[in-house]
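> the sequence and its predicted three-dimensional model are supplied below.
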Amino acid sequence: MRVPDLSTLRRVAVPLAFGGNSEQQHTYFAELHRVGLVTQLLGIVAYSMTWLMMPDPYHPNLLHAVLALLGMLVSLVARYRCTTLPVLTISGACAVLALTFGLRTMADAVNHASFWVLPVGVFMTLAIASIFNGGLSYLAVVAGVWWNVGHGLYPVNAGLPDQSWVALMIAVSVLFGLALNVSFSLLRLRNYHAKVELTRLAFQDSLTGLNNRRMFTQRALQMHGAAHGGILHFLMIDIDDFKIINDRHGHDAGDEVLVRTAAIIADKTQGHLCGRLGGEEFGIVYAGSREDTVAFAGALVEAVSQAFHATQFVSISVGVAELDRGKALDHSYRLADEALYLAKRQGKNRYVIAG
């Protein structure tokens, strides 16, 4: 049986206890916002019906009943308007405590309040398990629930055989509620990681780890369309004789060449956009003057040839074109591609600048 390492346990346990990091909380917000709104609306309806259905001889403390209702309504408005998960959690906690305070007020107006608030506390403990992300915040609210409904009433039947049943029901409901809360939080965490992985697969090249063509083009368009951006150059890069490498040494060796070349490109282009465009082609959007771009292209060609020199000769050809903001991005791509093939015809392992 494989035992998870500490880093894996920490990666799961911390979000389950504290609700996750800021990015995870942002992802959870939309789901918890909707679930919480529906739950709070149902709570207000249930409370109002309880109040209306109370028989005539029994009247709750009017001030307490109204304050509880106002607390629920204010919490509902706060939840509806909030935009962050911490505020969502606080508004939800206030709503739950206002509801339990109101229900305790109703129970105090009838006989045997200790009997009625027990099922109320159990129900609330289980019902709110899905609307709080993070076990600690859930347990804090549950503690408030049981204090609201139970203070001054328990223990009951002291000295009798059934005095422990109340404590047992409270403990069991809290444990079941915590299990539900952890289950919901774990589902959200798994969905979050699945979403992150799908996003990575959609925008990252699986072999090299660079931006894939979609992500590269999307970001290049953003840079190309920036009104106040500096001078940009597009570099089209192709590994020379890559088909021969695959045919002679196999596809595993070809993949190794792609990965090592990508690593060199990523290392040299820190701060600049780079990506794999497909096959053995890579692209770079370099922010800098013509002179800086020329120096960079020469250094990149040299770095690749030196990196593989000890085992086999691998080189790249590079075509460079300035990104013309007055024309479509495809125009600059075409110029760089033409410059690339000119570099190929001139002997490879070099760069050529368009124009």
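All right, it came through fine. Small disclaimer: the values here were computed from a predicted structure and weren't measured.

> okay, now the unreliable bits of the stretch 1-150 of the chain?
Scanning the stretch 1-150 of the chain for pLDDT under 70 picks out 1-20.

> just the stretch 201-350 of the chain next, same as before
Using pLDDT under 70, the stretch 201-350 of the chain drops low at 227-229, 309-311.

> quick one: the strands in it?
With DSSP state E, counting those that start in this stretch, the ranges of strands along the stretch 201-350 of the chain come out as 232-239, 273-278, 281-287, 316-322.

> what does the longest one rub up against?
When you say that, I think you mean strand 232-239. The contact list for strand 232-239, computed with CB atoms under 8 Å, 6 or more residues apart in numbering, reads 220, 223-224, 245, 257-258, 261, 265, 277, 280-288, 290, 293, 297, 300, 314-323, 332-333, 336-337, 339-340, 344, 351. Heads up, the C-betas are built off the backbone N, CA and C, glycines and all.

> list buried residues within those.
By neighbour count, with 16 or more other CB atoms under 10 Å, these hold 220, 223-224, 245, 257-258, 261, 265, 277, 280-288, 293, 297, 300, 314-323, 332-333, 336-337, 339-340, 344, 351 as buried.

> residues contacting D292?
Here D292 is in contact with Y286 (criterion: CB under 8 Å, 6+ apart).

> mind redoing it with 10 Å?
231, 233, 286 (CB atoms under 10 Å, 6 or more residues apart in numbering).

> and for N191?
Contact analysis of N191 by CB under 10 Å, 6+ apart lists 27-28, 31.

> now G225
So G225 contacts 325, 329 (CB under 10 Å, 6+ apart).

> next one: L210
Contacts of L210 (CB under 10 Å, 6+ apart): 204, 216, 258-259, 262-263, 265-266, 269, 273-277, 282-283.

> wait, which of the residues you listed is closest to V74?
Closest approach between the contacts of L210 and V74, by CB to CB: Q204, at 45.1 Å.

> and the gap between the closest residue in space to that closest one that isn't next to it in sequence and S332?
Ranked by CB to CB, 6 or more residues apart in numbering and with sequence neighbours excluded, the top spatial neighbour of Q204 is N212, at 6.0 Å. Noted for N212: a distance of 20 Å to S332, by CB to CB, to the nearest Å.

> state the number of residues packed around the residue nearest to Q204.
21 (other CB atoms under 10 Å).

> in strands only, show me the contacts of N191.
If you go by DSSP state E, these have nothing in strands.

> picking up where we left off before, can you put the strands of the stretch 201-350 of the chain in CSV and add distance to E197?
As requested, these are exported to CSV (distance: least, CB to CB, whole Å):
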stretch, distance to E197
strand 232-239, 28
strand 273-278, 19
strand 281-287, 24
strand 316-322, 31
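
> of the contacts of N191 - the most surrounded one?
Result: Y28 is most packed of the contacts of N191 (other CB under 10 Å), 22 neighbours.

> is it correct that that residue is in contact with Y192?
Yes - the criterion here is CB atoms under 10 Å, and Y28 meets it with Y192 at 7.4 Å.

> phi, psi of P57?
phi -60, psi -20 (degrees, to the nearest 10).

> ok, back up a step: would you reformat the contacts of N191 as TSV and include distance to V45?
Below are those laid out as TSV (distance: CB to CB, whole Å):
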residue	distance to V45
T27	30
Y28	26
E31	22
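
> wait, which of those residues is closest to N181?
The closest of the contacts of N191 to N181 turns out to be Y28 (CB to CB; 13.0 Å).

> and the closest residue to L103 other than its chain neighbours, how far from I170?
Closest residue to L103 apart from its sequence neighbours, by CB to CB, 6+ apart: V120 at 5.2 Å. For V120, the distance to I170 (CB to CB) stands at 12 Å.

> can you list residues touching both of these two?
149-150.

> pull the longest helix from the protein.
What stands out as the longest helix in the chain, according to DSSP state H, is helix 163-203.

> chain center to it: distance?
Computed by CA atoms, centre = their mean, to the nearest Å, the chain-centroid distance of helix 163-203 equals 17 Å.

> and stretch 33-40, by the same measure?
Distance, centroid of stretch 33-40 to centroid of chain: 20 Å (CA atoms, centre = their mean).

> ditto for stretch 245-263
Centroid displacement of stretch 245-263 relative to its chain, using CA atoms, centre = their mean, is 34 Å.

> which residue is the nearest non-sequential neighbour of A253?
Nearest residue to A253, sequence neighbours excluded (CB to CB, 6+ apart): I245, at 6.4 Å.

> just to check, that neighbour is in contact with V314?
Yes - between I245 and V314 there is a contact under CB under 10 Å: 7.2 Å.

> now the common contact residues for those two.
239, 256-257.
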